[in-house]
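K.L.:
below are the sequence and a predicted model for it; my questions follow.
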Amino acid sequence: MPKILIIANPVSGRGRGARVAEKTELRLRELGDATETLFTSKRGDAKVFAGRAPDFDRVVAVGGDGTVNEILNGLPDNAPPLGQIPVGTANVLAKTFGLPRTPRSGADTIHAGHAVNVDVGLANGRKFLLMASAGFDAQVVHDFHAQRTGAIRMREYFTWSLRAIFNYEPPRFRVTADGKKLPDGSYVLVSNLPCYGGPLAFTRNAKVNDGALDLLVFSAWGKLNVVRLFAEAFAGDPCAMPDATHLLVKKVLIEADTPLPWQVDGDPGEMLPLTVEMGAQQVKLVVPEATKSELEAQRQT
């Protein structure tokens, strides 16, 4: 009988997190699993709760990508598989791996326990599964989180971004990848997944378990080029743009002459410089059986 630790953000999904956690726990118990649910009340709680992972067979995040990131950074080495019932704003991880969106289907997936190994990146030592970046999105994330109150809606990010672009002046980043100096960029993204958020995809061919990170450096300046880049992420392939450099890397250093923010997994980081590198260990992620089969087939091609 598996023992499952549920770590839930009760305010995630505009307050649905608590109800989703309760329904998930009920279904897991119907399936015969032993469960314990811990609710977060402030930032950092999920990271602390994740320290109990060795006492369980699986750890489940009920919340968004930020909750998953906190848990990831609290998991000890050789932790049990991590699952998610997505209740967040963007749910990039769920979109990438086809995670079920309902408590019942999600609990069934957690109970089945099909797990895949996923690369883990480090942004100034902070673990991440999605991405880290410097540029327009990092500025929006910092400004938005500094003024937000309560739950976040996806349309609020969109509205905030539209307002922000009018006063935004793309900075100049110095980029060094695996010891090699690259052309300066106005936007730098280091990604572990093909998805970015919502309908956007900057690194559509990124693989989650290839032992490398996808680096995109965009070198064109001016706010109109920022708009062009994000439009391409919506409908095209930013990595193929003439002003873009795309590489598979192990380590990236991003610097600037003035204090500029960076973001990781949709949450604000600190100020540059930023070192992004491939972590030494992968994490086991619980996914639907079909997703596991698909990823295994990709590795064989």
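P.N.:
Cool, got the structure.

K.L.:
for the rest of this, base every contact and every neighbour count on C-alpha atoms.
P.N.:
OK.

K.L.:
just the helices in the stretch 51-200 of the chain please.
P.N.:
For the stretch 51-200 of the chain, applying DSSP state H, counting those that start in this stretch gives helices covering 65-74, 92-97, 103-112, 136-147, 154-165.

K.L.:
save those as CSV, and put in mean neighbour count too.
P.N.:
CSV is the format used below for the helices of the stretch 51-200 of the chain (neighbours: other C-alpha atoms under 10 Å):
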stretch, mean neighbour count
helix 65-74, 23
helix 92-97, 19
helix 103-112, 21
helix 136-147, 18
helix 154-165, 13
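
K.L.:
would you tell me which of the ones you listed gets closest to residue 118?
P.N.:
Distances from residue 118 to each of those were compared using C-alpha to C-alpha; the shortest belongs to helix 92-97, at 10.6 Å.

K.L.:
who's in contact with that closest one?
P.N.:
65, 84, 86, 99-100, 129-130, 193-198, 287-288, 291 (C-alpha atoms under 8 Å, 6 or more residues apart in numbering).

K.L.:
those residues in strands, which ones?
P.N.:
84, 86 (DSSP state E).

K.L.:
please pick the buried ones from the contacts of helix 92-97.
P.N.:
The neighbour-count test (16 or more other C-alpha atoms under 10 Å) applied to these identifies 65, 84, 86, 99-100, 129-130, 193-197, 287-288, 291 as buried.

K.L.:
my guess is residue 91 contacts residue 67. True?
P.N.:
No: judged on C-alpha atoms under 8 Å, residue 91 makes no contact with residue 67 at a distance of 10.4 Å.

K.L.:
please look at residue 181 and residue 217 and confirm they touch.
P.N.:
No: using C-alpha under 8 Å, residue 181 is not in contact with residue 217; the gap is 11.8 Å.

K.L.:
more neighbours: the two, which one.
P.N.:
Higher neighbour count among residue 181 and residue 217: residue 217, with 26 against 12, using other C-alpha atoms under 10 Å.

K.L.:
mind checking which of the helices of the stretch 51-200 of the chain is nearest residue 123?
P.N.:
helix 65-74 (11.4 Å).

K.L.:
by contact count, what packs against the closest one?
P.N.:
Using 3 or more C-alpha pairs under 8 Å, 6 or more residues apart in numbering; DSSP states H and E as the contact criterion, the elements in contact with helix 65-74 are helix 45-49, strand 58-63, strand 126-128.

K.L.:
I'd like those as a markdown table, with distance to residue 265 appended.
P.N.:
Formatted as a markdown table, the helices and strands packed on helix 65-74 follow (distance: least, C-alpha to C-alpha, whole Å):
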| stretch | distance to residue 265 |
| --- | --- |
| helix 45-49 | 15 |
| strand 58-63 | 13 |
| strand 126-128 | 6 |
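
K.L.:
same list (the ones you listed) but as TSV, adding mean neighbour count, distance to residue 120 and mean pLDDT.
P.N.:
TSV is the format used below for the helices and strands packed on helix 65-74 (neighbours: other C-alpha atoms under 10 Å; distance: least, C-alpha to C-alpha, whole Å; pLDDT from 0 to 100):
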stretch	mean neighbour count	distance to residue 120	mean pLDDT
helix 45-49	20	16	98
strand 58-63	27	17	98
strand 126-128	22	6	98
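
K.L.:
contact partners for residue 243?
P.N.:
Here residue 243 is in contact with 218-220 (C-alpha under 8 Å, 6+ apart).
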